[in-house]
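# I need the structure of the sequence given here:
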Amino acid sequence: MSSVRDIAKISGVSAATVSRVLNNDPRVSEDARRKVLEVANLSRYVANVGKRSNTNIAFVYTGESSLGSPFDAALMRGMASGMEEFGFDLMILDARRARERNEAYSSMFMRKGIRGAVLRTTAQTSSICRQIASEGFPSVVVGARIDEDGVSYIYSDSRKASERAVEHLIGLGHRRIAICLNIVDDSDHTDRLNGYRDALAAADIDFDERMLVRAPAEREGGAQLIRRLLSMSPRPTAVFITDPYTAIGALTEARRARVRVPGDLSVVGFDDAELRYAVYPEMTSVCQDGVAIGREAFSLLNEILAFRPLDRARDTEAPRTTGLEAIQRSMQTWFEVHDSTGRMEA
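Numbers count the residues shown, from 1 in each chain. Next up is the predicted model:
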C-alpha cells in the first residue's frame, strides 16, 4: 500500500502538498490536486490514522436514502456475503452529508478509510457517480444503468420481463391497463415503462398518458394509486405496479376499498425479495434477486480493486492489475404468475 511519500514522489510534489490534498486544504493548486488524487487512486491509497479502519467498502447514497427498502436490504446482504472472505467491512454513507465543502469525493473516501464504493443513485443524482468515476476512485453503480465510458455498473434488465407481464394481462382480456411508476426517475423504472409500451404496441393498443400514474415508492403511494384508479371513468381493469412497497400498499388499500383482486382489478407487482408470497392474494410479479445483485456488485468492485484476500496481520493486499477499467454488466429479471391476476370479468 502506498504511503504519502510514495505518492509525493510519483506526483512530483512535496509530501506536505500530498498531505494538504488528502486533508482537503484549499491552499493547493487544482493541477497539483488532480495529480495527487490520480496517483492516490491508482495506488489504492487509504488513510491510516491511529486505529481508524482502512478495510471499508461503502454503500453510498448519492441522493435521498432508501435504506428501509427491501431492495437495499437485499443488496447489502448480498454484498456482505462476499466481503468477509476478503476482510472488508461494510459502511453506509450519505455522499452529500459526508463530503466537506469543495472536497473531492476521492478525498472524502480516503479520509474515511474507504477502499471502494457501491453507489445507489437516481437519474437526478447520477452526475455524482460520473464525478466519482472521473476521479478514478474504485466504484460500482448498483441497480441503475449509466451508459458512459468509465462508469462501472450492475443492474437488472427488467424491460423484457415487464413486457411479458403486460402481455399476460392482455392475454387475460384486459385493454385498459394502467402503470404506476415511482415519482423519482431512474433507469430501472424507464425499462419497465418501455416494456409496458412494447406490449401495448404489439397488441395494437394505443398508449394513453392517463393510464400512467406516479406515486411514491412506499405503502402510502400504493394507497394513493388505488384512490386514483377508482376516480377514473372508465376505470382500468388491470395495473402494473413497478415498485414492491407501492404494490403491497395497493393490495392493502384495495381490500379496504372493497375492490376485489383480481375480480375487479388485476394487479402485477414488482418484487426484489420474496414479498409476493407474503401478501393476499399472492402477487403476480416481475422479479429480481436483490441478494444476487448485491453479491455481483461487490464481485465487480473487487475486480476493479484487483485485491486478493487481505492478510489482516500485515494489512496488505496483492494487486493483480493496474488501472481502473469500467465493467458494465446486466442481470435478468423474470415474470411469475400468482393469484393477483385473472381473466377480465364481463
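# Show me the helices in the stretch 101-250 of the chain, by range?
For the stretch 101-250 of the chain, the helices defined by DSSP state H, counting those that start in this stretch occupy 105-111, 126-134, 159-171, 187-202, 219-231, 244-256.
# Show me what counts as buried in the fourth one.
So that's helix 187-202. Using 16 or more other C-beta atoms under 10 Å as the test for burial, helix 187-202 gives 187-193, 195-200. From N, CA and C alone the C-beta is placed, and that goes for glycine too.
# so can I have a markdown table of the residues you listed showing distance to A306 and pLDDT?
Output for these, formatted as a markdown table (distance: C-beta to C-beta, whole Å; pLDDT from 0 to 100):
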| residue | distance to A306 | pLDDT |
| --- | --- | --- |
| S187 | 27 | 83 |
| D188 | 29 | 86 |
| H189 | 34 | 90 |
| T190 | 32 | 92 |
| D191 | 31 | 94 |
| R192 | 35 | 96 |
| L193 | 37 | 97 |
| G195 | 36 | 98 |
| Y196 | 40 | 98 |
| R197 | 41 | 98 |
| D198 | 39 | 98 |
| A199 | 42 | 98 |
| L200 | 46 | 98 |
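# export those residues to CSV and tack on distance to V18?
Shown next, in CSV, are the buried residues of helix 187-202 (distance: C-beta to C-beta, whole Å):
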residue, distance to V18
S187, 38
D188, 40
H189, 43
T190, 42
D191, 44
R192, 47
L193, 48
G195, 50
Y196, 52
R197, 53
D198, 53
A199, 56
L200, 58
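# L265: which of those residues is nearest?
Closest approach between the buried residues of helix 187-202 and L265, by C-beta to C-beta: Y196, at 16.5 Å.
# That closest one touches A161, doesn't it?
No - between Y196 and A161 there is no contact under C-beta atoms under 8 Å: 11.2 Å.
# From the buried residues of helix 187-202, pick the one nearest S66.
S66 has its nearest neighbour among those in D188, at 12.1 Å by C-beta to C-beta.
# Let me see the contact set for the closest one.
By C-beta atoms under 8 Å, 6 or more residues apart in numbering, the residues touching D188 are 143-144, 155-156, 158, 242.
# Select from those the one having the most neighbours.
Highest neighbour count within the contacts of D188: S158, with 29 neighbours (other C-beta atoms under 10 Å).
# show me what contacts that one?
188, 191-192, 195, 270, 286, 288, 333.
# Repeat the analysis, applying 10 Å as the threshold.
With contact taken as C-beta atoms under 10 Å, 6 or more residues apart in numbering, S158 is in contact with 165, 187-192, 194-195, 242, 270, 272, 286-288, 330-335.
# where does the residue lying closest to it once chain neighbours are set aside land on pLDDT?
Counting by C-beta to C-beta, 6 or more residues apart in numbering, S158 lies nearest to T333, which is 4.4 Å off, once chain neighbours are set aside. pLDDT for T333: 95.
# same check, this time on the one 4 residues further on
As predicted, V337 sits at a pLDDT of 98.
# With R44 instead?
Per-residue pLDDT puts R44 at 58.
# ok, S126 to A306 distance?
Distance, S126 to A306, using C-beta to C-beta, to the nearest Å: 25 Å.
# D6 now?
As defined by C-beta to C-beta, D6 lies at a distance of 18 Å from A306.
# how is the chain carved up into domains?
1-45, 51-155+290-305, 159-287 (automatic domain parsing).
# got the phi/psi numbers for the closest residue to A161 other than its chain neighbours?
The shortest distance from A161 to any residue other than its chain neighbours is 4.2 Å, reached at T333 (C-beta to C-beta, 6+ apart). The phi/psi pair for T333 (degrees, to the nearest 10) reads phi -100, psi 170.
# residues in contact with the residue lying closest to K160 once chain neighbours are set aside?
Spatial nearest neighbour of K160, excluding adjacent residues (C-beta to C-beta, 6+ apart): G195 at 6.5 Å. Contacts for G195 (C-beta under 10 Å, 6+ apart) come out as 157-167, 179, 240, 242, 286, 333.
# Counting neighbours, which of those end up buried?
When the contacts of G195 are checked against 16+ other C-beta under 10 Å, the ones flagged as buried are 157-167, 179, 240, 242, 286, 333.
# which stretches of the protein aren't confidently modelled?
1-3, 9, 15, 19, 22-27, 39-54, 307-325, 346 (pLDDT under 70).
# in terms of contact, does V28 touch S11 like I think?
No - V28 is beyond contact range of S11, at 11.3 Å (criterion: C-beta atoms under 10 Å).
# who touches both of these two?
Joint contacts of V28 and S11 (C-beta under 10 Å, 6+ apart) are 17-18, 21, 34, 36.
# Redo the residues you listed as a markdown table? Include distance to K112, secondary structure and neighbour count.
Formatted as a markdown table, the shared contacts of V28 and S11 follow (distance: C-beta to C-beta, whole Å; DSSP: H, G, I helix; E, B strand; the rest coil; neighbours: other C-beta atoms under 10 Å):
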| residue | distance to K112 | secondary structure | neighbour count |
| --- | --- | --- | --- |
| T17 | 21 | helix | 22 |
| V18 | 18 | helix | 27 |
| V21 | 16 | helix | 28 |
| R34 | 21 | helix | 15 |
| V36 | 18 | helix | 28 |
